[in-house]
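In: Quick one: sequence and predicted model below, then my questions.
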Amino acid sequence: MAPAPSTLVTLTGPDRPGIAAWLFAALEPLGASVLDVEQVRVHGRLLLCVELDAGPGRGPLLEAALNDGRPVELADLVLTVAPLAGRDDRHPSGRQLVTVLGPRLGSHELGAVFSLIAGAGGNADRIVQLSRYPVTSYQLVVSGGDADRLRRDLAAQAGPLGVDVAVQRAGLHRRAKHLIVLDADSTLLQGEVIDLLAARAGRADEVRAVTEAAMAGELDFGQALAERVALLTGLPEEVLDAVAADLVLAPGARTLVRTLRRLGYVTAVVSGGFIQVVAGLAADLGIDHVPPTPWRWPTAG
């Protein structure tokens with residue numbers, strides 16, 4: 001059965017307090033139920049859209065009634081009433097939230113992201129800028145298309161574009177997630193703690209060789225970690241404090257943790273590295289949970 005037609009009321013113009021309050025108060029006595037609402041504000045300009053369960057024949061009457069009752073102070077707003085062929089009844093759970101983050105998100109990067117979304121058969125229903133500094137990020141609400149292909153294509157191009165991308169299903173379930181777990185080395189931090197320690201021990205090349213062997217699949221993680229830590233034998237434990245003082249956070253890390261905590265999220269950090277260093281970092285950032293068991297520092301003999 002074809003979807004029932006509806007009517008879209010649109011207000012555009014300079015934003016100010018009281019616009020939405022007036023519009024909904026004016027709609028109430030007109031006997032049309034609200035089906036959907038969308039609002040966007042860009043640099044002081046408003047776009048407010050309200051979908052009503054009113055057929056096309058009622059459009060002119062609604063427009064006349066709204067214009068007749070419009071206050072003088074809202075006369076600079078452009079009001080339009082247009083029929084819609086039918087409602088878009090796609091449930092929010094069928095939509096994807098695409099978050100794009102990078103040091104630079106210009107026309108090239110954003111154009112590529114939107115091309116990939118279109119290539120997967122999706123359409124961006126809404127675009128919201130989440131941050132401007134120290135990194136730029138946008139959240140896109142994408143409807144339609146192949147979610148698996150969208151996730152796969154974006155992941156494949158994230159590296160060449162120099163951006164981070166996350167794709168997750170939209171819906172109320174997402175709002176119940178309040179735990180954020182961050183990796184330490186080369187994620188929350190720039191670089192690897194073990195490489196900094198190796199440099200101070202004069203074993204940087206040897207540690208790097210073991211790391212490369214592990215990355216090539218020649219060693220498993222546990223074996224590679226044990227071999228790298230063994231190369232630090234005899235290094236004074238005080239070096240941990242010196243390395244901790246030299247750590248450089250990833251761009252935006254401090255702002256990210258502070259913002260998450262302000263929003264009520266619980267934060268945790270995990271690491272295959274040294275808890276003596278990670279614990280101090282976590283305390284400085286205000287992270288809630290850290291690994292409980294420290295490495296035993298190797299001794300000579």
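Out: Looks like it arrived, so ask away.
In: Could you check how far stretch 220-234 is from the centre of its chain?
Out: Put simply, stretch 220-234 sits 35 Å off its chain's centre (CA atoms, centre = their mean, to the nearest Å).
In: State the mean pLDDT of that stretch.
Out: On average, the pLDDT along stretch 220-234 is 85.
In: in that stretch, what's buried?
Out: Neighbour-count burial for stretch 220-234 flags 224, 225, 227, 228, 229, 231, 232 (criterion: 16 or more other CB atoms under 10 Å). Quick note: C-beta positions are derived from backbone N, CA and C, even for glycine.
In: Out of those, which is nearest to residue 22?
Out: Taking CB to CB as the measure, residue 22 lies nearest residue 225 of these, at 64.1 Å.
In: Kindly list the main-chain dihedrals of residue 131?
Out: Backbone torsions of residue 131, given as degrees, to the nearest 10, read phi -160, psi 160.
In: Spit out the contact partners of it.
Out: With contact taken as CB atoms under 8 Å, 6 or more residues apart in numbering, residue 131 is in contact with 101, 137, 252, 255.
In: Which of these fall in helices?
Out: Using DSSP state H, residue 255 are the members of those that sit in helices.
In: ok, how many other residues are close to the residue nearest to residue 101 when sequence neighbours are not counted?
Out: Of all residues not flanking residue 101 in the chain, residue 137 sits nearest, at 4.0 Å (CB to CB, 6 or more residues apart in numbering). The number of residues packed near residue 137 is 19, by other CB atoms under 10 Å.
In: In the sheet, which residues pair with residue 137? Tell me.
Out: With DSSP bridges applied, the residues forming beta bridges to residue 137 are residue 101, residue 131.
In: Show the contacting residues for it.
Out: With CB under 8 Å, 6+ apart, residue 137 has these contacts: 99, 100, 101, 102, 105, 129, 130, 131.
In: the strands in the stretch 1-150 of the chain, which residues?
Out: Counting by DSSP state E, counting those that start in this stretch, the stretch 1-150 of the chain has strands at residues 6-14, 34-42, 45-52, 78-84, 95-102, 123-131, 136-143.
In: Let me know the angle separating the fourth one from strand 6-14.
Out: On the basis of axes from the mean of the first three to the mean of the last three CA atoms, to 10 degrees, strand 78-84 is oriented at 160 degrees to strand 6-14.
In: Also the fifth one?
Out: Interaxial angle of strand 95-102 relative to strand 6-14 (the same axes, to 10 degrees): 20 degrees.
In: lowest-pLDDT helix or strand in this protein?
Out: helix 172-175 (a mean of 64; mean pLDDT, DSSP states H and E).
In: returning to what we had before: out of the contacts of residue 131, which end up buried?
Out: 101, 137, 252.
In: just those residues now: which is nearest residue 42?
Out: residue 137 (16.6 Å).
In: Let's see the pLDDT reported for the closest one.
Out: Looking at residue 137, its pLDDT stands at 91.
In: In contact with the nearest residue to residue 103 once chain neighbours are set aside, which residues are there?
Out: Excluding the flanking residues, the one nearest residue 103 by CB to CB, 6+ apart is residue 135, at 5.6 Å. With contact set as CB under 8 Å, 6+ apart, residue 135 has these partners: 101, 102, 103, 251, 252.
In: For residue 135, what are phi and psi?
Out: Per-residue torsions, residue 135: phi -130, psi 160 (degrees, to the nearest 10).
In: Now for the spatially closest residue to residue 127 that is not a sequence neighbour: which residues touch it?
Out: Among residues not flanking residue 127 along the chain, residue 140 sits closest, at 5.5 Å (CB to CB, 6+ apart). Taking CB under 8 Å, 6+ apart, we find residue 140 in contact with 97, 98, 99, 100, 113, 117, 124, 126, 127, 128.
In: Now list the buried members of those residues.
Out: Counted by 16+ other CB under 10 Å, the contacts of residue 140 give 97, 98, 100, 113, 117 as buried.
In: who touches the third one in this structure?
Out: Translated: residue 100. 109, 110, 113, 137, 138, 140, 163, 164, 165.
In: now the residues you listed in CSV, with distance to residue 287?
Out: Shown next, in CSV, are those (distance: CB to CB, whole Å):
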residue, distance to residue 287
109, 30
110, 31
113, 30
137, 20
138, 26
140, 28
163, 25
164, 20
165, 24
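In: Show the residue spans covered by the helices in the chain.
Out: Under the criterion DSSP H, the chain carries helices at the ranges 19-27, 59-68, 107-119, 147-161, 172-175, 193-201, 204-215, 221-230, 239-246, 253-262, 275-285.
In: list the helices and strands the fourth one packs on?
Out: Of the remaining helices and strands, those touching helix 147-161 by 3 or more CB pairs under 8 Å, 6 or more residues apart in numbering; DSSP states H and E are strand 95-102, helix 107-119, strand 164-169.
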